[in-house]
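Undergrad: The amino acid sequence is not available; the structure is as follows:
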RNA sequence: GUCCCCAUCGUCUAGCGGUUAGGACGUCGGCCUUUCAAGCCGAUAACACGGGUUCGAUCCCCGUUGGGGACACCA
């Protein structure tokens, strides 16, 4: 039986990036589908930039998406001893050599080579110098066989690679004794028995050098699959500065994990015409053969659509638990779930693409006295509807039962009593009085969900507002400045 | 600059020699309507260009153009 082992190896130098999240998703889906082992390894070799917080953010992000790993998290930093050992072995075998060229020299020679029409690769000056451990400050370079091609069959890009003569003898170990990324990944992947490496296409051109390291190690070369990058609207690699890339930011904006997962899955991968995928369906259908080869732009409009789709699909309890923090943020207090709140969220599902938006739309219920938008008040709270508003407050106060149907009858009653006012004429003023805004769910439902006491009180306040304003306008003007 | 890669509607994509080039998001229009949505119906819109190969190219090959990635004692 062949083992199938994959890994996701993020460097914790920030928050979990959506590109990284997608790479993790692809690895995870593939491994779940094929029944292998998926492991997580934190590439924290760069101690300067790696922090414990961002490592935690990476794990949190994966957990939130529901991407679970079978082994790890391992930390590359914990394997430093092993990396040192491997470099020594390569040195002992002559597969690597010490190099005492200084950075300055290297830079000068490289520039000169390029000026002379060369490639700017390391010129191999120390390659045959047979420098020993006591040669002073030195790096260790891989002795690449420049006669031999470095090729592989990529599961996404197909036949890939280049001639050995195209690349220089790369550095494996710094002069301070620490290993470089290329050496560390290869050693770790070999030691951890990784059989399939699925990673971002930004590693595509790093692969030849890594292939050379596998050879030097005499290790079996895994299967590679490079996934095209997610690019920004400008078509370039996503930048933390300019683009929305942080998974936690999407989460904070009120995107649901199932929407993120679905969106990420369809960025670069497809399954016929299907657009909606549950996690289980992604696992069921995912395959590298249908991963495209060109970069995919992050389409936020589609994410919004997907998010609303999943907001609409969530059962009440699950919707509430996702929305709770957002609702509490608007309310400024703890919010508990009850029938009225479920009803409100139900009304808001069709009107929200993000949970922040949903919570904002719930404000008129969440706070005791929502502010009334001045423009809305000017336009809709006018003397012409004063009578109807008061009649409606009265009718609502007198209702035996509080339901959409009885509220509707109260509206009809109020309209009739106010001189056969048309229902449509009353709806907007009531909406403004009750919610403070001109947009809300159906007016009967809106009134219902806000509750009898508050609805009646707000209508009366609105009536009062109309009276006061009329009085001011009628009275002597105090000249404005 | 060198090497590598990519190229179907605005966007994500289906397509794997013969299709009216399909779907989705978006956009626009209509219906519905007490607002906003949602829903329904409809419309808009693409094979970058030039050579081959072939009876026939979106599809295969070459080139051009355009875009991207990698070229560190970063990961």
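TA: Perfect, I can see it now. Treat the numbers as computed from the prediction; the structure is a model and nothing was measured.
Undergrad: Going by C-alpha atoms from here, please, whenever you check contacts or count neighbours.
TA: Noted.
Undergrad: how about the host helix or strand of residue A:29: buried residues?
TA: The secondary structure element spanning residue A:29 is helix A:18-34 (assigned by DSSP states H and E). Within helix A:18-34, the residues scored as buried using 16 or more other CA atoms under 10 Å are A:18-34.
Undergrad: repeat for stretch A:322-334
TA: By neighbour count on 16+ other CA under 10 Å, the buried set for stretch A:322-334 is A:322, A:323, A:324, A:325, A:326, A:327, A:330, A:331.
Undergrad: Next: stretch A:270-279.
TA: Neighbour counts over stretch A:270-279 (16+ other CA under 10 Å) mark A:270, A:276, A:277, A:279 as buried.
Undergrad: Now the second one: closest residue in space, sequence neighbours ignored.
TA: Spelled out, that is residue A:276. Of all residues not flanking residue A:276 in the chain, residue A:262 sits nearest, at 6.7 Å (CA to CA, 6 or more residues apart in numbering).
Undergrad: residues touching that neighbour, list them.
TA: In this structure, residue A:262 makes contact with A:276, A:277, A:278, A:279, A:306, judged by CA atoms under 8 Å, 6 or more residues apart in numbering.
Undergrad: is RNA strand B contacted by the helix or strand containing the last one?
TA: In this structure, residue A:306 sits in helix A:300-313 according to DSSP H and E. Yes - looking at helix A:300-313 against RNA strand B by CA under 7 Å from any atom of the strand, the contacts come from A:301, A:302, A:303, A:305.
Undergrad: Can you give the contact residues for that helix?
TA: Residues outside helix A:300-313 that contact it (CA under 8 Å, 6+ apart): A:255-256, A:258-260, A:262-263, A:276, A:319, A:349-350, A:352-354.
Undergrad: For the next helix or strand after that helix, enumerate the helices and strands it packs against.
TA: Using DSSP H and E, the helix or strand that follows helix A:300-313 towards the C-terminus is helix A:316-331. Under the contact definition 3 or more CA pairs under 8 Å, 6 or more residues apart in numbering; DSSP states H and E, helix A:316-331 sits against helix A:339-349, helix A:355-361, helix A:363-366.
Undergrad: So what touches helix A:316-331?
TA: Residues contacting helix A:316-331 (CA under 8 Å, 6+ apart): A:254, A:256, A:311, A:334-335, A:337, A:342, A:345-346, A:355-356, A:358-360, A:362-363, A:366-367.
Undergrad: give the contact list for residue A:394.
TA: With CA under 8 Å, 6+ apart as the criterion, the residues that contact residue A:394 are residue A:456.
Undergrad: What helix or strand is it located in?
TA: Using DSSP H and E, residue A:394 sits within helix A:386-397.
Undergrad: Quick one: mean pLDDT for that helix?
TA: Here helix A:386-397 scores 93 as its mean pLDDT.
Undergrad: touching RNA strand B at all, that helix?
TA: No - for a cut-off given as CA under 7 Å from any atom of the strand, helix A:386-397 has no contacts with RNA strand B; the smallest distance is 14.4 Å.
Undergrad: avg pLDDT for stretch A:260-279?
TA: In this model, stretch A:260-279 carries a mean pLDDT of 97.
Undergrad: Any idea how far it is from the middle of the chain?
TA: Centroid separation between stretch A:260-279 and its chain, computed with CA atoms, centre = their mean, to the nearest Å, is 15 Å.
Undergrad: Doesn't residue A:41 lie inside a strand?
TA: Yes - per DSSP: H, G, I helix; E, B strand; the rest coil, residue A:41 lies within a strand segment.
Undergrad: And it, how far from residue A:55?
TA: Distance check for residue A:41 against residue A:55: by CA to CA, to the nearest Å, it reads 10 Å.
Undergrad: And for residue A:251?
TA: Spatial separation of residue A:251 from residue A:55 under the definition CA to CA is 17 Å.
Undergrad: out of these two, which sits in the more crowded spot?
TA: Regarding residue A:251 and residue A:55, a neighbour count based on other CA atoms under 10 Å identifies residue A:55 as having more, with 22 against 17.
Undergrad: For that one, which non-adjacent residue is spatially closest?
TA: When the adjacent residues along the chain are set aside, residue A:55 lies closest to residue A:12, with 4.9 Å between them (CA to CA, 6+ apart).
Undergrad: Next, count neighbours for that neighbour.
TA: Using other CA under 10 Å, the number of residues around residue A:12 comes to 25.
Undergrad: can you tell me which helix or strand it belongs to?
TA: Residue A:12 belongs to no helix or strand when assigned by DSSP H and E.
Undergrad: Cross-check the contact I'm expecting between residue A:381 and residue A:462.
TA: Yes - when contacts are counted by CA atoms under 8 Å, residue A:381 is listed as touching residue A:462 (7.1 Å).
Undergrad: shared neighbours of those two, anything?
TA: Taking CA under 8 Å, 6+ apart as the criterion, residue A:381 and residue A:462 both touch residue A:433.
Undergrad: ok, the residue nearest to residue A:148 when sequence neighbours are not counted to RNA strand B distance?
TA: Nearest-residue entry for residue A:148: residue A:164, 5.1 Å, with adjacent residues in sequence omitted and distances by CA to CA, 6+ apart. Plainly put, residue A:164 is 10 Å away from RNA strand B if you go by CA to the nearest atom of the strand, to the nearest Å.
Undergrad: Pretty sure residue A:164 sits against residue A:147.
TA: Yes - Residue A:164 is in contact with residue A:147 according to CA under 8 Å; the separation is 5.8 Å.
Undergrad: The two - which one has more neighbours?
TA: Each of residue A:164 and residue A:147 had its neighbours counted (other CA under 10 Å), and the higher figure belongs to residue A:164 (19 against 10).
Undergrad: For the nearest residue to residue A:230 once chain neighbours are set aside, what are phi and psi?
TA: Nearest non-adjacent residue to residue A:230, counting by CA to CA, 6+ apart: residue A:296, 4.9 Å away. Summarising the backbone geometry of residue A:296 under the convention degrees, to the nearest 10, its torsions are phi -110, psi 130.
Undergrad: Touching, residue A:296 and residue A:266? I think so.
TA: No - applying CA under 8 Å, one finds residue A:296 not in contact with residue A:266, separated by 9.5 Å.
Undergrad: just to revisit the earlier point, how about the residue nearest to residue A:230, what does it touch?
TA: Counting by CA under 8 Å, 6+ apart, residue A:296 makes contact with A:228, A:229, A:230, A:231, A:267, A:268.
Undergrad: how about 10 Å then?
TA: A:228-233, A:235-237, A:266-269 (CA atoms under 10 Å, 6 or more residues apart in numbering).
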